[in-house]
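Participant: quick check, what structure comes out for this input:
(one chain, ligands or ions: 2)
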Amino acid sequence: MTYVVTENCIKCKYMDCVEVCPVDCFYEGENMLVIHPDECIDCGVCEPECPADAIRPDTEPGLDAWLTLNADYADKWPNITVKRDPPEDAKAHDGEAGKLDKYFSPAPGQGD
Ligand code: SF4
Ligand code: SF4
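Facilitator: Ligands and ions are numbered 1, 2, ... in the order given. Have a look, this model is predicted:
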């Protein structure tokens, strides 16, 4: 089992999650974060910290595609452990539908 980052992180990227993870298993893309499924110890500490409600346990149904996306990009993107300022338009995109199709970027973020 692992926790996974899902759609509402895209363009929100508040990064409250990275400060609480005891094993530093968040990785940063241009406009979202992912969790490395082989590094996550399933502690669940990050889930309630996410203001966008984007972190879910992979035991919830329907998350297979997100688990694959987290695993793929955790190998490609840089590690992030320190929170930075969120994007200025983060609130405007909170809860918006279809963000994966509209905005997902495979480009890496800056990391720590
Ligand atoms: S706190 Fe939530 S929205 Fe923010 S970066 Fe972490 S998973 Fe994404
Ligand atoms: S569940 Fe725990 S180990 Fe996994 S990403 Fe969240 S804080 Fe890190």
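Participant: and the next helix or strand past the single longest helix found in the chain?
Facilitator: Across the chain, the longest stretch assigned as helix under DSSP state H is helix 64-74. Once helix 64-74 ends, the next helix or strand along the chain (criterion: DSSP states H and E) is helix 90-93.
Participant: what's the mean pLDDT across that following helix?
Facilitator: In this model, helix 90-93 has a mean pLDDT of 91.
Participant: same deal with stretch 13-21?
Facilitator: Computed over stretch 13-21, the average pLDDT equals 92.
Participant: strands along this protein, start to end?
Facilitator: All strands of the chain, identified by DSSP state E, fall at 3-5, 26-28, 33-35, 55-57.
Participant: and the last one, what's its mean pLDDT?
Facilitator: Here the mean pLDDT over strand 55-57 is 98, rounded to a whole number.
Participant: so what are the sheet partners of it and their directions?
Facilitator: Take DSSP bridges as the rule and strand 55-57 pairs in its sheet with strand 3-5 (antiparallel).
Participant: how far out from the middle of the chain is the partner strand?
Facilitator: With Cα atoms, centre = their mean, to the nearest Å as the basis, strand 3-5 stands 7 Å off its chain's centre.
Participant: that older thread, in TSV, list the strands of the chain along with mean neighbour count and distance to E96.
Facilitator: In this view, the C-beta of every residue, glycine as well, is placed from N, C-alpha and C. As requested, these are exported to TSV (neighbours: other Cβ atoms under 10 Å; distance: least, Cβ to Cβ, whole Å):
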stretch	mean neighbour count	distance to E96
strand 3-5	26	16
strand 26-28	25	20
strand 33-35	26	17
strand 55-57	18	18
